[in-house]
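J.: Fold the following for me, if possible:
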Amino acid sequence: MHADAIVVGGGLAGLVAAATLAESGAGVVLLEGADRLGGTSARSAGLFAFAATLEQRAAGVDDSSERLQNDLVALAGTESELIDLYVEHQARSKSWLAGLGARWTLSRWAAGSGQTAP
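T.: Below is the predicted model:
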């Protein structure tokens, strides 16, 4: 077996890394020590923080990147470049994940997660 890359861990970050490498034509081996994929991401109840999505607009939810930014800064207790990058790229990341088959529904759990919009 030939592999151009070995990805260790089948959580969300590992799965995204493996998918990105495979999209570029690399042969990828994914190693996971647990009995299933998902890592800690699977234990997060599957919640994602996206803003101003089609699902939100269809449900009449008023949301924006600025609101997401404020929510994440409030949760973290400080501003950070990582939050800035996440907010800047979240819509494109959601579209990419959708292209891989991911689907979303609105969650009313948002309030418990620190998000002010579902």
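J.: And the contacts of the longest helix seen in the chain?
T.: Longest helix of the chain, by residue count under DSSP state H: helix 81-99. Around helix 81-99, the neighbours that count as contacts under C-beta atoms under 8 Å, 6 or more residues apart in numbering are 48-53, 65, 68-69, 72-73, 76, 104. For glycine as for every other residue, the C-beta is placed from the backbone atoms N, C-alpha and C.
J.: what about 7 Å?
T.: 50-51, 53, 65, 68-69, 72-73, 76 (C-beta atoms under 7 Å, 6 or more residues apart in numbering).
J.: And for stretch 8-24?
T.: So stretch 8-24 is in contact with 5, 7, 28, 30-32, 37-41, 100, going by C-beta under 7 Å, 6+ apart.
J.: Name the residues of whatever helix or strand L72 lives in that are buried.
T.: Element membership of L72, judged by DSSP states H and E, is helix 65-76. Of the residues in helix 65-76, 67-69, 71-72 count as buried by neighbour count, 16 or more other C-beta atoms under 10 Å.
J.: Who are the contact partners of the residue lying closest to D62 once chain neighbours are set aside?
T.: Distances taken as C-beta to C-beta, 6 or more residues apart in numbering place A117 nearest to D62, at 7.1 Å, with adjacent residues excluded. A117 makes contacts with 56, 61, 63, 67, 110, as judged by C-beta under 7 Å, 6+ apart.
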